[in-house]
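Enquirer: Below is the sequence, then the predicted model.
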Amino acid sequence: MFNLTALELARIQFGFTVSAHIIFPAITIGLAAFLAVLEGLWLWKKDHTYLDLYHFWSKIFAVNFAMGVVSGLVMAYQFGTNWSFYSQFAGSITGPLLAYEVLTAFFLEAGFLGVMLFGWNKVGPGLHFVATVAVAVGTMISATWILASNSWMQTPQGYEIVNGVVVPVDWVAIIFNPSFPYRLAHMVMAAMLSTALFVGASGAWHLLRGNRTPAVKRMFSMALWMVLFAAPLQVLIGDAHGLNTLKHQPAKIAAVEGHWSNTPGEGVPLILFGIPDMAAETTHYKVEIPRLASLILTHSRDGQIPGLKDFAPEDRPNSPVVFWSFRVMAGLGTLMVLLSLGGLWLRWRQRLYDSPLLARFALWMGPSGLIALLAGWFVTEIGRQPWVVYGLMRTRDAVSSHSAMTLSVGLVILVLMYVGVFGTGVGYMLRLVRSGPVAHRHDDASPAHSLSHRPARPLSAVDAPLNPSSDKN
């Protein structure tokens, strides 16, 4: 396919499945926390607006959770099919970490998910709240184990190599490797931001259509409060993460900055825009701010960082992809901060729900959290190249012995299946968002609908038909 090698096709296939999968856990993490907050506020304040929002977003959570589980299973199988030599080399670490995720997080989520979605008429409000919190905690634990595994691949610690394979010797060092705290905090905050922007866009869409019910206003307001809190905090976490990466993966930072070599006695400029050229070993058409990269990365005007020329050509990440992925992420992060400040200003002016400009801004920013999250993962994973385990195993040595034709056929089938299955799922989820929250009976905590059958799966919690022709909104 397009003269690509088996290695390149295997990387594209794994990158595609990871990119398709990661958006669902991110929304699951954020929505689970949002649902726990909504139910807690309802129990505390006895305001049924929170309950209306809970039932509305729990349907969307159910659809999203189901798609996350299915897409995750497909991705996991690729460790054995496409990356068998990696599994042979580092499976003694990756395997247990992924198993711990199933034994703790997934069992916790699956155990309480049924109570959360279907238990309103079967358990009391307090126990139901415990179930919702347990699901939210389960999503956090899941992120912890997955990020521990990925972070070990970035900054491996606590191992020995015996007979050509990795042997764990210190699980504390393996789990709490040098990059783990920063990656975990950055990912969890990205999930919260992505969900807040998704919820805010939903509220903005309804406000622009003239739907100004208390529930719509409440979710729009809560979303902007979360963006106001999370966006600046994410900037600070990202800065700390960058400093950690400079210490442990300097080639990645050089690729992010499009920085090739240092001039003695001069600080490193921050290149806002440019076109890194791997063959010519330079960045063309640079628009830069003198010494700013030194201030950010070394906290000194004259501090210097390694340039890409300090590394052998075969050890350099793909700078053009990493360079622009980082700028997409940073640019969207700047817009998030502007959205939060605009919301704060209009809230102070008591015009939060009366500004079409703010509502349109929030609507267009709806997918920005997920786009920034994907761009950040491109920086993380492509910036690690050419290593699958940094400094220990090259990606070319990890791929299975498949032909390019085999991987080409598999990739085409996978893309078609994902577009069909998850495209339908995402479309269904967006139809649920468009339906809007429904006012709830105040004398009953159960959902406005009642299940006429025994629930068998998360999608049983959703009563809206899948057929678009039945959608009257």
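Expert: Yes, it's here.
Enquirer: Dihedrals phi and psi, Phe273?
Expert: phi -140, psi 150 (degrees, to the nearest 10).
Enquirer: Same question for the one 4 residues further on.
Expert: Backbone torsions for Asp277, taken as degrees, to the nearest 10, come to phi -120, psi 110.
Enquirer: What residues does it make contact with?
Expert: By CB atoms under 8 Å, 6 or more residues apart in numbering, the contact set of Asp277 is Thr283, His284, Pro320. C-beta here means a position set from N, CA and C on the backbone, and glycine is covered the same way.
Enquirer: Also His284?
Expert: Gly274, Ile275, Pro276, Asp277.
Enquirer: in terms of contact, does the third one touch Tyr285 like I think?
Expert: By that I understand Pro276. No - assessed by CB atoms under 8 Å, Pro276 is found out of contact with Tyr285, at 10.4 Å.
Enquirer: and the contacts of Asp277 as a markdown table, adding pLDDT, distance to Ala105 and secondary structure?
Expert: Output for the contacts of Asp277, formatted as a markdown table (pLDDT from 0 to 100; distance: CB to CB, whole Å; DSSP: H, G, I helix; E, B strand; the rest coil):
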| residue | pLDDT | distance to Ala105 | secondary structure |
| --- | --- | --- | --- |
| Thr283 | 91 | 42 | strand |
| His284 | 92 | 46 | strand |
| Pro320 | 93 | 36 | helix |
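Enquirer: now, among those residues, which is nearest to Met187?
Expert: The nearest member of the contacts of Asp277 to Met187, counting by CB to CB, is Pro320 at 24.5 Å.
Enquirer: Leaving out the residues flanking it, which one is nearest to the closest one?
Expert: Pro276 (4.8 Å; CB to CB, 6 or more residues apart in numbering).
Enquirer: what lines up beside the strand or helix carrying that neighbour in the sheet?
Expert: Taking DSSP states H and E as the criterion, Pro276 maps to strand 270-277. Strand 270-277 has these partner strands in its sheet, going by DSSP bridges: strand 282-289 (antiparallel).
Enquirer: Only alpha carbons, please: show the strand it pairs with as PDB.
Expert: Extracted in PDB, the C-alpha atoms of strand 282-289 (Å, rounded to 0.1, in the frame of the first residue of the first chain):
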ATOM      1  CA  THR A 282      17.200  23.000   9.600                       C
ATOM      2  CA  THR A 283      13.900  24.700  10.200                       C
ATOM      3  CA  HIS A 284      12.700  26.800   7.300                       C
ATOM      4  CA  TYR A 285      10.700  30.100   7.400                       C
ATOM      5  CA  LYS A 286      11.100  30.400  11.200                       C
ATOM      6  CA  VAL A 287       9.000  32.900  13.100                       C
ATOM      7  CA  GLU A 288      10.700  33.000  16.500                       C
ATOM      8  CA  ILE A 289      11.000  34.900  19.800                       C
END
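Enquirer: can you give me the strands for the stretch 151-300 of the chain?
Expert: Here the stretch 151-300 of the chain has its strands, by DSSP state E, counting those that start in this stretch, at 159-162, 165-168, 270-277, 282-289.
Enquirer: can I get those strands in a markdown table with distance to Ala215?
Expert: Below are these laid out as a markdown table (distance: least, CB to CB, whole Å):
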| stretch | distance to Ala215 |
| --- | --- |
| strand 159-162 | 51 |
| strand 165-168 | 50 |
| strand 270-277 | 42 |
| strand 282-289 | 45 |
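Enquirer: and of these, who's closest to Met67?
Expert: strand 165-168 (32.8 Å).
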